[in-house]
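Enquirer: quick one: sequence plus predicted model below, questions after.
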Amino acid sequence: MEKRRLYLAIEEWLTDYKRNSVKTLTYDRLLISFKMMLRYPISEAFVDEIGTKDVQRYLNALVTDGYSMSTIKKQFNLITAYWKWAMAQGEISVPVYMGVNLPSKSSIREAETDIQVYSHDEQRRLLRKLETLEHDQYAAVVLMLEAGLRIGEVLALDWTDILWNRKAVRIHRTLIRLSSEATTYIQETPKSKTSKRTIPLSDRALEILNRYREKHGIPHGLIFARSDDPDLPYSYSSIEFHVRRLCKDLDISYRGLHAFRHTFATNCYERGCDVKILSKLLGHADVSITYNTYIHLYGDALEEMRKIIG
């Protein structure tokens, strides 16, 4: 059998076998991991000469270079997925990935993620301006703040997703950004199974949607459609541009679009929302994700435990 370098083997596997068998976003993520692997010597090694030590050294190099645990796992998963496929094809006989140890959390030089939120005063000032609907993008921001929706979920909304009688919104699609192709498209399934959900809308959100609907006449199709093409939603950058400018005008630090979702979650917690309910509202795959993300809010639950033991 002709000797092949790892990068050529994985490139062929991605193109011929993975491109049409996984979601477009999943394939895009695989390509990102593949391109990252090209920076390291393991990509130039011959497949039949790679051993467990080579894979281990690759992961160790990623640790040394300061990559996060998430990134390291993605790189390991790329190699493992290819290896399992190649073994099933009879091209490789030794499962070198089985002897590899992922780094411990203590070895990762990873700064803790600081959850950014807007203060109550900042929310009031932002909402006063957002409610003017001076720009159509303002309505999208209100939905992020009032319903905790991801920006991709907001931009994929269709008018049929607004359940007026139930005062709720149905989330079942999301706008995807492909870094490998520098483009966007609406994925007909959400981020995960639990991302598909129906959640209540606040009176403020319903009022904004009603006014937005009146502003644009009888609505149909995408809610946040571009004026030059009603079949295309606004871009992420379009929303970000208006939020950045608004924050600058109000002398408020811009904390990113996802900060509106974090702010929603914080507001829910302050109103006494149970973590399980908050998890459903946010569409997290597991309640532990919600708890781990907002553990700074729930703390050590000492007072709650005190109530139980008396």
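Expert: On my side now, so go ahead.

Enquirer: could you list the low-pLDDT ranges of the protein?
Expert: Applying pLDDT under 70 to the chain picks out residues 1-2, 110-114, 178-183, 189-192, 218, 298-310.

Enquirer: cutoff 50 now
Expert: 111-112 (pLDDT under 50).

Enquirer: show me which helix runs longest in it.
Expert: helix 69-88 (DSSP state H).

Enquirer: distance from the chain centre to that helix, please.
Expert: Relative to the chain's own centre, helix 69-88 is displaced by 21 Å; criterion: C-alpha atoms, centre = their mean, to the nearest Å.

Enquirer: give me the contact list for that helix.
Expert: Contact with helix 69-88 is made by 9-10, 13, 17, 29-30, 33-34, 36-37, 47, 55, 58-59, 62-63, 92-93, 95-97, 100, 102-103, 105, 108, 110, as judged by C-beta atoms under 8 Å, 6 or more residues apart in numbering. C-beta: built from backbone N, CA, C; applies to glycine.

Enquirer: just the helices in the stretch 201-310 of the chain please.
Expert: 203-215, 236-250, 258-270, 275-282, 287-293, 295-298, 302-309 (DSSP state H, counting those that start in this stretch).

Enquirer: hey, where'd the strands end up in this protein?
Expert: 162-163, 168-171, 174-178, 183-187, 197-200, 225-226, 229-233 (DSSP state E).

Enquirer: with adjacent residues omitted, what lies nearest to residue 163?
Expert: residue 170 (6.2 Å; C-beta to C-beta, 6 or more residues apart in numbering).

Enquirer: distance of residue 138 from residue 249?
Expert: To residue 249, residue 138 is 13 Å away according to C-beta to C-beta, to the nearest Å.

Enquirer: more crowded one of those two?
Expert: Looking at residue 138 and residue 249 with other C-beta atoms under 10 Å, you find the greater number of neighbours at residue 138, namely 21 against 10.

Enquirer: mind listing what that one touches?
Expert: 129-132, 242, 246.

Enquirer: between those residues, which sits nearest residue 235?
Expert: Distance ranking of these against residue 235, using C-beta to C-beta, places residue 242 first at 11.3 Å.

Enquirer: hang on, the closest one packs against residue 135?
Expert: Yes. In terms of C-beta atoms under 8 Å, residue 242 counts as a neighbour of residue 135; the distance is 5.2 Å.

Enquirer: before we move on, the earlier item: which among the contacts of helix 69-88 end up buried?
Expert: Among the contacts of helix 69-88, the ones that count as buried by 16 or more other C-beta atoms under 10 Å are 9-10, 13, 29-30, 33-34, 36-37, 47, 55, 58-59, 62-63, 92, 96-97, 100, 103, 108.

Enquirer: who touches both of residue 138 and residue 249?
Expert: residue 129.

Enquirer: would you mark the buried spots in stretch 39-54?
Expert: 40, 42-43, 45, 47, 50, 54.

Enquirer: just put these in a markdown table and tack on distance to residue 261.
Expert: As requested, the buried residues of stretch 39-54 are exported to a markdown table (distance: C-beta to C-beta, whole Å):
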| residue | distance to residue 261 |
| --- | --- |
| 40 | 35 |
| 42 | 37 |
| 43 | 37 |
| 45 | 42 |
| 47 | 43 |
| 50 | 42 |
| 54 | 41 |
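
Enquirer: look up phi and psi at residue 220.
Expert: Dihedral angles of residue 220 (phi, psi; degrees, to the nearest 10) stand at phi -160, psi 160.

Enquirer: and the gap between the closest residue to it other than its chain neighbours and residue 18?
Expert: Closest residue to residue 220 apart from its sequence neighbours, by C-beta to C-beta, 6+ apart: residue 159 at 5.9 Å. Note on residue 159: its distance to residue 18, by C-beta to C-beta, is 36 Å.

Enquirer: ok, now residue 96?
Expert: Residue 96 is 20 Å from residue 18, by C-beta to C-beta.
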